[in-house]
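> have a look; sequence and predicted model below, questions after that.
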Amino acid sequence: MKVQKERRFALLMAARNSDYVKKVYGGYFNVFVEALAGEGEKWDLFRVVDGEFPHMDDLHNYEGFAISGSPHDANGDEYWILELCYLLKTLFTMQKKVLGICFGHQVLCRALGGKVGKAYSGWDIGIRKVYEVPVGAQVLAYSDKTEVEMFTFGDNILGIQGHPEYTKDILDNLIDRLVWNNSIEKGFAEEAKLKLKKAEADRKYWERICKSFLKGRWIAQSQTYF
């Protein structure tokens, strides 16, 4: 009887857990695993925001990688961001599947030769229908807020500006925290929450897109959380 080899994937975590997500879900890693993992898979966590990276000699053991969102600037020069860019270039050369979400989407673009700049129009929160990408990349989705909501580069790179892994309660808590620390105005927050009550993001649809990409079953207008 042939024993099927365990499929391994890795999450490159570029953010620290919020108190809410840690209390309710046990951390963002569990949120991502719930959204992306399938039966018979092993997912490893590397907290790149804290300087924890996979060893270069181990990269070949993984079928795919996902990069989380982050409050950090993808164009910043912190050591871990520069090291992450180097890792992503290496994974691209190795033709490894890499899924970037929000910050991950932006840092992928930067690492592979695209242009990333600050969004002076402010935070984009809520639901949207769905940079300057590297030469050879293909833009698959855009919105009135962001010119590149989704792009591919070859068969092994996918960047998504939205958050397919977010649940509505996670987004509600994020909005509350942004109001509390004066990152967004209360009126903007109330408008975003009202939109969340009126419409439901096609979360399962976007999860299928991400899973199909990572696992070699690449299949996108729909809606996702921001």
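Nice, thanks for sending it over. As the structure is a computational prediction, the values presented were derived from the model and not from experiment. Numbering: from 1, shown residues only.

> average pLDDT for the helix or strand where Glu34 lies?
Here Glu34 sits within helix 28-36, counting by DSSP states H and E. For helix 28-36, mean pLDDT is 93.

> which residues are in contact with that helix?
9, 11, 13, 15, 17, 21, 25, 43, 45, 66, 68, 99, 164-167, 170, 203, 207, 210-211, 214 (C-beta atoms under 8 Å, 6 or more residues apart in numbering). Using the backbone N, CA and C atoms, a C-beta is placed for each residue, glycine as well.

> how far does it sit from its chain's centre?
With C-alpha atoms, centre = their mean, to the nearest Å as the basis, helix 28-36 stands 11 Å off its chain's centre.

> quick one: mean pLDDT over the helix or strand just after it.
On the C-terminal side of helix 28-36, the nearest following helix or strand under DSSP H and E is strand 41-46. Mean per-residue pLDDT for strand 41-46: 97.

> how about residues contacting strand 41-46?
Residues contacting strand 41-46 (C-beta under 8 Å, 6+ apart): 6-13, 29, 32-33, 36-37, 52-54, 62.

> in helices only, show me those.
Judged by DSSP state H, helices contain the following of the contacts of strand 41-46: 29, 32-33, 36.

> could you dump the residues you listed into CSV and include distance to Leu178 and neighbour count?
Output for the ones in helices among the contacts of strand 41-46, formatted as CSV (distance: C-beta to C-beta, whole Å; neighbours: other C-beta atoms under 10 Å):
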residue, distance to Leu178, neighbour count
Phe29, 22, 19
Phe32, 21, 22
Val33, 25, 18
Leu36, 25, 22
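
> beta-bridge partners for the residue sitting nearest the centre point of the chain, please?
Note on the chain: the residue nearest the mean C-alpha position is Ile101, at 1.6 Å, using C-alpha atoms, centre = their mean. Using DSSP bridges, the beta-bridge partners of Ile101 come out as Ile160.

> I'd assumed Glu165 was in contact with it.
Yes. Shown here, Ile101 and Glu165 form a contact pair, counting by C-beta atoms under 8 Å, at 7.0 Å.

> where is the longest helix in this protein?
Secondary structure of the chain per DSSP H: the longest helix is helix 79-93.

> could you find the closest non-adjacent residue to Gly113?
Using C-beta to C-beta, 6 or more residues apart in numbering and skipping residues adjacent in sequence, the residue nearest Gly113 is Pro134, 4.2 Å away.

> is the one you found in a helix, a strand, or coil?
With DSSP: H, G, I helix; E, B strand; the rest coil as the basis, Pro134 sits in coil.

> tell me the pLDDT at it?
According to the prediction, Pro134 has pLDDT 74.

> next, count neighbours for it.
Neighbour count of Pro134, defined by other C-beta atoms under 10 Å: 18.

> wait, it touches Gly114, no?
Yes. Using C-beta under 8 Å, Pro134 is in contact with Gly114, at 4.3 Å.

> run through the residues that contact the closest residue in space to Cys85 that isn't next to it in sequence.
Nearest residue to Cys85, sequence neighbours excluded (C-beta to C-beta, 6+ apart): Ala111, at 4.1 Å. Ala111 makes contacts with 84-86, 88-89, 92, as judged by C-beta under 8 Å, 6+ apart.

> next: Gly100.
Contacts of Gly100 (C-beta under 8 Å, 6+ apart): 66-67, 106-109, 157-160.
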